[in-house]
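In: next one to model:
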Amino acid sequence: MHYRNGREAKNGDLIVQLNDGKISAVGVLHSATPGNDYCNGYIAPTQSPTQMACMCDCLHVDDLAAILAEKGLDKRPAGK
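Out: A predicted model of the protein is given here:
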């Protein structure tokens, strides 16, 4: 199992899910089984409903999408 950038995926990893180059979910990967990079596993949410925001620690989602596009990580890889 590997993430979009090729890093090995493991249950228990803190992950960010992307859709159309933007974050759609954040949480902990669980119940994923080796040998499949598509529709494999679940994301357990970790964010509390209210979170203090320090602007110096944040990015606008459009700016993050631009960084992903610059690195070529905005598109889902072709199926195997």
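In: which residues does the most centrally placed residue in the chain contact?
Out: For the chain, the residue sitting closest to the mean C-alpha position, by CA atoms, centre = their mean, is Val16 at 2.3 Å. Val16 is in contact with 23, 25-26, counting by CB atoms under 8 Å, 6 or more residues apart in numbering. For the C-beta atoms, the positions are set from N, CA and C on the backbone; glycine is no exception.
In: which residue in those has the weakest pLDDT?
Out: In terms of pLDDT, the lowest of the contacts of Val16 is Ile23, showing 84.
In: and the closest residue to it other than its chain neighbours, what pLDDT?
Out: Distances taken as CB to CB, 6 or more residues apart in numbering put Val16 closest to Ile23, at 5.4 Å, once the chain neighbours are dropped. Reading off the confidence values, Val16 has pLDDT 89.
In: rewinding a little: the residue nearest to the centre of the chain: what secondary structure?
Out: Per DSSP: H, G, I helix; E, B strand; the rest coil, the secondary structure class of Val16 is strand.
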